[in-house]
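Trainee: make a model of this:
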Amino acid sequence: MTTELGELVVWDDAKGFGFVLAGTERLFIHISAFDRPDRRPVLGDELTIERGPGRNGQPAVVRAVITRKSLRKVPGTSAAVSAAQLARAMRISAAAVLALLITIAESLDRAPAWLLLLYTVVGCISALGYWLDKRAARNNGWRISEATLLAIDFAFGIIGGLLAQAALHHKTAKPGYAGTTIAIALVHLLGLTLLAAGLLHLP
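Mentor: Just a heads-up that it's a prediction; the model follows:
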């Protein structure tokens, strides 16, 4: 694809979308188009963009890199960045705790040998699903439904799902999705804690 320069002239950080002025055209842009920025986009950011067809058939930005950061002070931006970093750290920590509980349960002979393998295999499937959905979002391709991603996480893919969300910055800006992910993680945390404590038995 051909790259061109543009400026972020409209941005709704809560909803994760806005518009880029490229020449005389205003192009729609979604947060998923940004290539792993070190901070959230800000009005006035200068971007290198690639355009492609949007969902409505109109031209849209499918990939963007912030090449020059805006000097504007946007209220709440620092707080939003800090919150995003905290949420990412919590996902990684939760995944580590779940993995540790599995290891403890198996080392105490309170968990079957297949449990770690199950979490590993389904976790890899979950991570692949998030990666494919992230790529599809950037390229306006076929998306994997949120229900499917959450179902895989619930079916022992939660560790891979948490790590993929943190690494890809995907599905992290939706409070409803994040809340469901937390609920799934808590269910597995409870089950593995009971297993490690010898209060739950698996064949």
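Trainee: just to be sure, L47 is in a helix?
Mentor: No - applying DSSP: H, G, I helix; E, B strand; the rest coil, one finds L47 to be strand, outside a helix.
Trainee: that one contacts S70, correct?
Mentor: No - if you go by Cβ atoms under 8 Å, L47 and S70 don't touch, sitting 10.5 Å apart. Where you see a C-beta, it was placed from the backbone N, CA and C, and this is true even at glycine.
Trainee: tell me the helices and strands packed up against the longest helix along the chain.
Mentor: Criterion DSSP state H: the longest helix present in the chain is helix 77-107. Applying 3 or more Cβ pairs under 8 Å, 6 or more residues apart in numbering; DSSP states H and E, we find helix 77-107 packed against helix 114-139, helix 158-168, helix 175-196.
Trainee: just checking, which of those helices sits deepest inside the structure?
Mentor: Ranked by mean neighbour count, those are led by helix 158-168 with a mean of 23 (mean count of other Cβ atoms under 10 Å).
Trainee: give me the average confidence score over that helix.
Mentor: Across helix 158-168, the average pLDDT comes to 95.
Trainee: related to what we said a few turns ago, more neighbours: L47 and S70, which one.
Mentor: Legend: neighbour count by other Cβ atoms under 10 Å for L47 and S70, higher for L47 (25 against 17).
Trainee: how is the protein divided into domains?
Mentor: As given by automatic domain parsing, the domain ranges for the chain are 3-68, 77-196.
Trainee: compare those domains and say which comes out lowest on pLDDT.
Mentor: domain 3-68 (a mean of 87).
Trainee: off-centre distance for it?
Mentor: The chain centroid and the centroid of domain 3-68 are separated by 18 Å under Cα atoms, centre = their mean, to the nearest Å.
Trainee: go ahead and flag the most central residue of this structure.
Mentor: H170 (1.9 Å; Cα atoms, centre = their mean).
Trainee: hmm, who's touching stretch 178-185?
Mentor: A87, A94, L98, L150, D153, F154, I158, G161, L162, Q165, K171, T172 (Cβ atoms under 8 Å, 6 or more residues apart in numbering).
Trainee: now with 7 Å?
Mentor: Here stretch 178-185 makes contact (Cβ atoms under 7 Å, 6 or more residues apart in numbering) with A94, L150, D153, F154, I158, L162, T172.
Trainee: do the same with stretch 56-68
Mentor: Outside stretch 56-68, the residues that touch it by Cβ under 7 Å, 6+ apart are 20, 27-29, 33-35, 37, 41, 45-54, 138-140.
Trainee: done for today, thanks.
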